[in-house]
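Student: Model the structure of this input:
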Amino acid sequence: MAELVPAHQEFVEGVATRDVVVDFESGLPELNPEEVPSKLPIILHFHGGGFCTSEADWYMYYYIYARLACMAKAICISVYLRRAPEHCLPAACDDSYSALLWLQDVAQGELHNPWLDTNGDLTRVFLIGDSSGGNLVHEVAARSGKIDLSPLRLAGAIPVHPGFVRLNRSKFEMEKPETPFFTLDMVDKFLKLALPIGSNKDHPITCPMGSAAPPMEGLKLLLILLCVAVEDLV
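Tutor: Presented below is the predicted three-dimensional model:
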C-alpha cells in the first residue's frame, strides 16, 4: 500500500506519470491517460493521512487515481504535502492552495506545462481528497471563493469521507468498533501533532461546521459531491 511508485512517462496500462516542481516545499505528480479524445478535465488531488503520514506517490493512490484518470478521461494532479509534526497546519492547506494557484498561472499562460498546455481543460478543474485530504478540499474551496481564478474555473469538489471531527466525540465515534488500522487514539495523536499549538479539534480546519469556523452561509462554495464511507471511524 505504501510502496512508492516512481514517475514513468511511458504509458503503463493506459497511464503515464511525471513529476512537476511547483515550489521548493511541494511537488505535483501528474497522471495522464493515453487516449486523449479532446481537452481533458483536471482532477486536483490532496492525499489523506491525518496530515502526518502518506505521500502522493504511494501505490494505493497511484492504483486508484491511475484508474480514475483512465475511466474519467482526465488528467489527475496529486500534490505532495508538507506533513506534521515538522510542518503543522496550515502548511498542508497552503501547499494545496498553492497547487491551485499554480494551475491558474498555467491557465493564464504565465507558466507552461506540456501535458496541460496540450491536453488540459483548465475551465473544468475538480478538487478531490480523502480523509484529511477531504478537509483540504473544503479549505481550498473556501479560499478560492474569495478570489477571481479566471480563466481557470473550479467545476466541482469531491471530499471522500473527510476527517471532520469535534473536540467532544460524536455518538458514532463512541459506538463504531475500532480496527488495528485506525483507532480514535490514532486520530487524536495525529491531530495533536498537526494542529497549531494551542488549538484543539474544534479548529476550523478539522471542524468547519463548528462555532470557531466561518459561518457556512457566508462561504462561496462550489458544487460538492460528498462521499462517506459507512464504516469509517470518524
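
Student: The strand or helix carrying Phe172: which residues count as buried?
Tutor: Element membership of Phe172, judged by DSSP states H and E, is helix 171-175. Buried residues in helix 171-175, counting neighbours by 16 or more other C-beta atoms under 10 Å, are absent. Glycine gets a C-beta too; all of them are placed from N, C-alpha and C.

Student: By residue count, what's the longest strand in the chain?
Tutor: Secondary structure of the chain per DSSP state E: the longest strand is strand 120-130.

Student: Following the chain past it, name the next helix or strand.
Tutor: Sequence order places helix 132-144 as the next helix or strand after strand 120-130, per DSSP H and E.

Student: hmm, who's touching that following helix?
Tutor: Under the criterion C-beta atoms under 8 Å, 6 or more residues apart in numbering, residues 45-51, 81, 90, 92-93, 96-97, 100, 127-129, 154, 157-164, 194, 205-206, 208, 214, 219, 221-222, 224 lie in contact with helix 132-144.

Student: ok now that helix, how far from the chain's centre?
Tutor: How far helix 132-144 lies from its chain's middle: 7 Å, per C-alpha atoms, centre = their mean, to the nearest Å.

Student: hmm, back to that, and the contacts of the longest strand of the chain?
Tutor: Here strand 120-130 makes contact (C-beta under 8 Å, 6+ apart) with 39-48, 74-75, 96, 100, 103, 106-107, 113, 116, 135-137, 140-141, 151-162.

Student: on that earlier part again, among the contacts of helix 132-144, which ones are buried?
Tutor: Members of the contacts of helix 132-144 classed as buried by 16+ other C-beta under 10 Å are 45-51, 81, 90, 92-93, 96-97, 100, 127-129, 154, 157-164, 194, 205-206, 208.

Student: thought Val228 was touching Pro159?
Tutor: No - counting by C-beta atoms under 8 Å, Val228 does not reach Pro159; the two are 9.1 Å apart.

Student: For the longest helix seen in the chain, the averaged confidence score.
Tutor: Counting residues, the longest helix found in the chain (DSSP state H) is helix 91-107. Averaging pLDDT along helix 91-107 gives 96.

Student: Buried by neighbour count: which residues of that helix qualify?
Tutor: Going by neighbour count (16+ other C-beta under 10 Å), the buried part of helix 91-107 is 91-100, 102-104, 106-107.

Student: Out of those residues, which comes closest to Asp188?
Tutor: Lowest distance from Asp188 to those (C-beta to C-beta) belongs to Ala92, with 18.1 Å.

Student: so what's the closest residue to the closest one other than its chain neighbours up against?
Tutor: For Ala92, ignoring the flanking residues on the chain, the nearest one in space by C-beta to C-beta, 6 or more residues apart in numbering is Leu81 at 4.4 Å. By C-beta under 8 Å, 6+ apart, Leu81 lies in contact with 26, 46-47, 51, 56, 91-92, 95-96, 136.

Student: export the residues you listed to TSV and tack on distance to Glu175?
Tutor: Listed next are these as TSV, based on distance: C-beta to C-beta, whole Å:
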residue	distance to Glu175
Ser26	38
Phe46	29
His47	28
Phe51	25
Ala56	34
Ala91	33
Ala92	30
Asp95	35
Ser96	32
Leu136	28
